[in-house]
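**Q** with the sequence up front, the predicted model follows.
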Amino acid sequence: MAYGFKIMVSGDYALFTRPEMKVERVSYDVPTPSAIEGMLKAVYWKPAIRYVVDKIIVFNPIVFTNIRRNEVNEKVSYQKVRSQMNKKGGEPVLYTKEMINQRTAMVLKNVKYGIEFHFELTGLKSDKEDECEEKHYNIILRRLKNGQCFRQPCLGTREFSVRDMALVDEFDFSQISDELMGEKDFGYMLYGLRYKDRINGDWNTAVFSDNADAVYYRPIMKDGVIDVKKYREVIRC
């Protein structure tokens, strides 16, 4: 049984980066499924579940604007973080003043989306005997109703925070902008990344890797609605 949810999400800005334009960032016209999954993980995440996006509804007109942002050239080393956690030394910090680059970004503004999604079990369980779908469903439901999260959900990148996130019973399709009526082919878009992690079920000795294959799909928006579930059948590596 798949436990499903419907939420409304809005924000002042969003940036769903096109992978082919990494230096000067340019956003896709609409969210990628992987960006939405990341947003949901900020509300609730456990190794035992994975989120699956079924529909994306775009309510506001697609409007771009240009901004300048300060970015850093590197990220904190995973090996250094783990070394310090094991009390073996290491300095998992970044001195941003030494590695800042100013870049231009083309971002979306005044965005509002309806997201329909469900979760599936991964097969990885904790030692607790009450590990089941219903347990995770009730936790997600409670956190969405109460507006709870363990880190701030964002729209693509961290500096573009979600302004409002609300659980709904049904979407009001009459609120979709007239500018979005008809069909629009976005071409091939990033669906997500398929990581080559080797996980043996023991999280104390699990082996992780940054190696991943990009997975693409070709969605067509009809009257503001993208049926991700339908187009997921034609994803490409």
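**A** Arrived safely, thanks for sending.

**Q** what about Pro153, how many neighbours?
**A** Neighbour count for Pro153, taken as other Cβ atoms under 10 Å: 19. The way it works is simple: take the backbone N, C-alpha and C, and place the C-beta from them, glycine included.

**Q** let me see the contact set for the residue lying closest to Ile235 once chain neighbours are set aside.
**A** Nearest residue to Ile235, sequence neighbours excluded (Cβ to Cβ, 6 or more residues apart in numbering): Tyr217, at 4.5 Å. Going by Cβ atoms under 8 Å, 6 or more residues apart in numbering, Tyr217 touches Tyr188, Met189, Tyr191, Val228, Tyr231, Arg232, Val234, Ile235, Arg236.

**Q** from Tyr78, how far out is the residue with the largest distance to the centre of the chain?
**A** No residue in the chain sits farther from the centre than Lys88, which is 33.3 Å out by Cα atoms, centre = their mean. Going from Lys88 to Tyr78 by Cβ to Cβ, to the nearest Å gives 14 Å.

**Q** repeat that for Tyr137.
**A** Tyr137 sits 32 Å away from Tyr78, going by Cβ to Cβ.

**Q** please say which of those two ends up with more neighbours.
**A** Counted by other Cβ under 10 Å, Tyr137 and Tyr78 do not tie: Tyr137 has more neighbours, with 18 against 11.

**Q** can you verify the more buried one is assigned to a strand?
**A** No - secondary structure of Tyr137 (DSSP: H, G, I helix; E, B strand; the rest coil): helix, not part of a strand.

**Q** which non-adjacent residue is nearest it?
**A** Once flanking residues are discounted, Tyr137 sits nearest to Tyr3: 4.1 Å by Cβ to Cβ, 6+ apart.

**Q** is it true that Lys230 lies in a strand?
**A** No - Lys230 sits outside any strand when classified using three-state DSSP, being helix.

**Q** residues in contact with it?
**A** Per Cβ under 8 Å, 6+ apart, neighbours of Lys230: none.

**Q** tell me the confidence at it?
**A** We note a pLDDT of 89 for Lys230 in this prediction.

**Q** contact partners for Val72?
**A** Leu94, Thr96, Met99, Ile100, Asn101.

**Q** go again using 6 Å as the cut-off
**A** Taking Cβ atoms under 6 Å, 6 or more residues apart in numbering, we find Val72 in contact with Thr96, Met99.

**Q** backbone torsions only: list them for the residue positioned nearest the centre of the chain.
**A** Central residue of the chain (Cα atoms, centre = their mean): Ala35, 2.4 Å from the mean position. With angles defined as degrees, to the nearest 10, Ala35 sits at phi -70, psi -40.

**Q** per-residue confidence at it?
**A** What the model reports as pLDDT for Ala35 is 95.

**Q** for this structure, which strand is longest?
**A** strand 100-121 (DSSP state E).

**Q** give the buried residues for it.
**A** Buried residues in strand 100-121, counted by 16 or more other Cβ atoms under 10 Å: Ala105, Met106, Val107, Leu108, Val111, Lys112, Tyr113, Gly114, Ile115, Glu116, Phe117, Phe119.

**Q** next: stretch 42-50.
**A** Residues Ala42, Val43, Tyr44, Trp45, Lys46, Ala48, Ile49 are the ones in stretch 42-50 that count as buried (16+ other Cβ under 10 Å).

**Q** mind putting these in a markdown table, secondary structure included?
**A** Shown next, in a markdown table, are the buried residues of stretch 42-50 (three-state DSSP):
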| residue | secondary structure |
| --- | --- |
| Ala42 | coil |
| Val43 | coil |
| Tyr44 | coil |
| Trp45 | coil |
| Lys46 | coil |
| Ala48 | coil |
| Ile49 | strand |
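
**Q** fine, thanks again, bye for now.
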